[in-house]
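# need a 3D model of the sequence below.
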Amino acid sequence: MGRRNLSGRKAFGIDPKRAQRYNLRQARYDALAHDIDVLAGKAALAGERLAVLDMGCGKGAAAMHLRVRPNFGAIDIDATDLGEKYKLDTSLYRCIFYGDLTKGYPELPDASYDVVICEQVLEHLLDLEIPMASIGRLVKPGGRAIVGVPIFPPPLHLGRRYLVPIFDRLSGHKGKRTHVQAFTLANFKATLLAHTKMRFIEARGFRIISGGPLRPLEELRWWWAFNRWLGEKLPAACVEVQIILEKPVS
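Below you'll find the predicted structure:
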């Protein structure tokens, strides 16, 4: 779990908008960047390049975390998103494709990527079958997907799904909630496996408790390391989870 020394008040030395050095909201990107860097290192030793798709790239956090890794030079990153909402550093990407994930990105060929990232996207979509099937379709045989969403411990997901919209209407809540799904780890894993047709490797969680009076602890490496350890042991108790999948070779 070693990391280089970090300087400046940036999340993992990367994101100036997250002032805490080990900001737990960014830990998921640090984790996926570590895993992809390892795969890129293996590809480089074989004289190959690692093809990565960041599905629903948003502000480009995944690419920003990857670019400081030792094997970034062996990675070709493509990105997709719904539209040009954010200004991306285009130098980090081989290609950026704008389109509707619920339509499945038919323009992208099957089995094109060694790794597909889909981080903090699926909770915004009503229809999950086509987006999840597209993850499985785009991964090469033997390749991996890293898929992350917010989760709730049961039965709190039922309250978020059914009661919160009622309370919003009764209270006159005017803000638009963009999360239309409410997952537990178990139902997210089951749905993902059913639609991607991929093999489960592991689940890891992030942020059981963060922010508020505990925010100063996010300056300390041991607090980040403890949360990573806890998230690996008790992913279902966290508020965010990543599931790692592998596509069968045959």
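
# make it CA atoms for all contacts and neighbour counts henceforth
Fine.

# can you pull the contacts of the residue at the greatest distance from the centre of the chain?
Largest separation from the mean C-alpha position in the chain: Leu170, at 33.5 Å (Cα atoms, centre = their mean). Listed by Cα atoms under 8 Å, 6 or more residues apart in numbering, the contact set of Leu170 is empty.

# against His157, how distant is it?
Look at Leu170 and His157: by Cα to Cα, to the nearest Å, they are 20 Å apart.

# export the lengthiest strand in the chain to CSV, keeping only CA atoms.
In the chain, ranked by residue count with DSSP state E as the criterion, the top strand is strand 139-150. Below are the C-alpha coordinates for strand 139-150, written out as CSV (Å, rounded to 0.1, in the frame of the first residue of the first chain):
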residue,chain,number,x,y,z
VAL,A,139,-14.3,-5.6,-22.0
LYS,A,140,-11.8,-7.9,-23.7
PRO,A,141,-11.8,-11.6,-22.7
GLY,A,142,-9.6,-11.8,-19.7
GLY,A,143,-10.0,-8.0,-19.0
ARG,A,144,-11.5,-6.3,-16.0
ALA,A,145,-14.2,-3.9,-15.0
ILE,A,146,-14.2,-1.6,-12.0
VAL,A,147,-17.7,-0.4,-11.2
GLY,A,148,-18.5,1.9,-8.3
VAL,A,149,-21.7,3.2,-6.8
PRO,A,150,-23.1,4.6,-3.5
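
# what sits up against it?
32, 110-123, 135-136, 182-183, 239-250.

# ok, now stretch 65-79?
Stretch 65-79 is contacted by residues 14, 29-30, 33-34, 36-38, 40-41, 43-44, 48-57, 63, 92-97 when judged by Cα under 8 Å, 6+ apart.

# pull out the buried members of these.
Neighbour-count burial (16 or more other Cα atoms under 10 Å) applied to these gives 14, 29-30, 33-34, 36-37, 40-41, 43-44, 49-57, 63, 92-93, 96-97.

# circling back to that earlier point, list the buried residues in the longest strand of the chain.
In strand 139-150, the ones that count as buried by 16+ other Cα under 10 Å are Val139, Lys140, Pro141, Gly143, Arg144, Ala145, Ile146, Val147, Gly148, Val149, Pro150.
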